[in-house]
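Pasting the sequence and the predicted model now:
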Amino acid sequence: MTKTIIYSPEAPEPIGPYSQAVQVNDTLYVSGQIALDQATGQLLTGEGIVIETHQVMRNLRFILREAGADFDNVVKCSIFVKDMGNFAAINEVYGSYFDQAPPARETVEVSRLPKDVNVEISCVAVL
């Protein structure tokens, strides 16, 4: 087994004892991303769920790119939301990042997320 830690300086620093992503052989496991803009250090939670979700997806893209991948490589996503009432808006933004053959996924409503964000998304990709 070959295990490699993937780090993108464009994505937010981990806020705990975990890596942005771990590659094991040809599989990439990307940790949950929130709407933290690494360039400004600002959380985009007050900007609305659409802007927040776009930032989450950009952060995922930064990490995927660092591993030499893109959204076409993603086979599974997990979406955690604070309010299922935001599902339609999140789903529309999320879907815009997958041109064809979207990955498997689940969406789960939770009572609280890190830094009190409204959405967190993680993914698994095959390289």
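Perfect, thanks for sending it. Please read all numbers here as calculations on a predicted model, not as lab measurements. Numbering: from 1, shown residues only.

The nearest residue to Val93 once chain neighbours are set aside - how many residues pack around it?
Excluding its sequence neighbours, the residue lying closest to Val93 (Cβ to Cβ, 6 or more residues apart in numbering) is Thr53, at 4.1 Å. For glycine as for every other residue, the C-beta is placed from the backbone atoms N, C-alpha and C. Neighbours of Thr53 under the rule other Cβ atoms under 10 Å: 26.

Kindly report the same for Gln100.
There are 5 residues near Gln100, going by other Cβ under 10 Å.

before we move on, could you check phi and psi at the residue lying closest to it once chain neighbours are set aside?
In space, Gln100 comes closest to Asp72 once its chain neighbours are excluded; the distance is 7.8 Å by Cβ to Cβ, 6+ apart. Main-chain dihedrals, Asp72, degrees, to the nearest 10: phi -70, psi -20.

I'd like to know how far Asp72 sits from Cys123.
12 Å (Cβ to Cβ, to the nearest Å).

residue boundaries of the strands in this protein?
For the chain, strands defined by DSSP state E occupy the ranges 3-6, 21-24, 27-33, 36-37, 42-43, 74-81, 104-109, 119-126.
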